[in-house]
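1. just a sequence and a predicted model for now, questions to come.
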Amino acid sequence: MIACVLIPGFELRAALRKQPALALRAAALSPLPGTEPLIGPVTAEAERLGVRPGMRLGEALATCPELVLVEQDPATAEQAWEEILRALEDSGFAVDPAQPGCVYFETRGVERLYGGLEPALKRALSAVGSSWDVKIGAARRSDSLLGSRVLPWPNVWGRTAGRPGAWREAAKPREYAAVVRRRRSSRRSSSPRRWGTS
């Protein structure tokens, strides 16, 4: 199995660690100076009020006049991401980061270490920490092709045989149906599989 740990809106979450009260307000990551005026990730409250990531700044402010723009802090985000990767590695996961907030790893070794897939995924969540609202999922590989039984991956599959890192290129998740979400009660379903932790 290939697992993916995803922290939606990672850059915004990292920037909000210095201003945690803004996490409950309508807020969005502001564009960097000199770049196209498109906002980055948004909080749940901003999304509820109609603001979406990638909106033009003017449109976002017109949609939600009380929107708070959070300045990007690349150094803080990088440090937080390095800490997360180190925590996963210290727990025995051989990580392959795709971008800040998204990391893949093979589960075969850690399944043996932790006694199965679900305990391994729970251990990965524990390593990342409860403050990030982490999502995690796992997909099967069959005959060197990525399968889609557990997670709905994109329609383009990459052959993995003989190409290191090819599974990572192919397995860019659009949506995680099999997820372990923090702060949700346990639920189970046979297809797709779902796990929950408290």
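-> Noted; the coordinates are in hand. Note that the structure is predicted; figures quoted are calculated from it, not measured.
2. for residue 70, give me phi and psi.
-> With angles defined as degrees, to the nearest 10, residue 70 sits at phi -100, psi 120.
3. state the distance from it to residue 116.
-> Using C-beta to C-beta, to the nearest Å, residue 70 is found at 39 Å from residue 116. The C-beta positions use only the backbone N, C-alpha and C, and glycine is treated the same way.
4. more neighbours: these two, which one.
-> When neighbours are counted by other C-beta atoms under 10 Å, residue 70 and residue 116 differ, and residue 70 comes out ahead with 23 against 12.
5. model confidence at the more buried one, what's the number?
-> According to the model's per-residue confidence, residue 70 sits at a pLDDT of 95.
6. strands of this structure, residue ranges please.
-> Per DSSP state E, the chain carries strands over the ranges 2-6, 27-29, 68-70, 95-99, 102-106, 135-139, 141-142, 145-146, 180-181, 195-196.
7. just put the ones you listed in CSV and tack on distance to residue 78.
-> What follows is the strands of the chain, written out as CSV (distance: least, C-beta to C-beta, whole Å):
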stretch, distance to residue 78
strand 2-6, 17
strand 27-29, 15
strand 68-70, 16
strand 95-99, 12
strand 102-106, 14
strand 135-139, 21
strand 141-142, 31
strand 145-146, 29
strand 180-181, 25
strand 195-196, 30
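8. wait, which of the ones you listed is closest to residue 76?
-> Of all these, the one in closest proximity to residue 76, counting by C-beta to C-beta, is strand 68-70 (11.2 Å).
9. tell me the strands beside that closest one, with direction?
-> Here strand 68-70 is paired, per DSSP bridges, with strand 27-29 (parallel).
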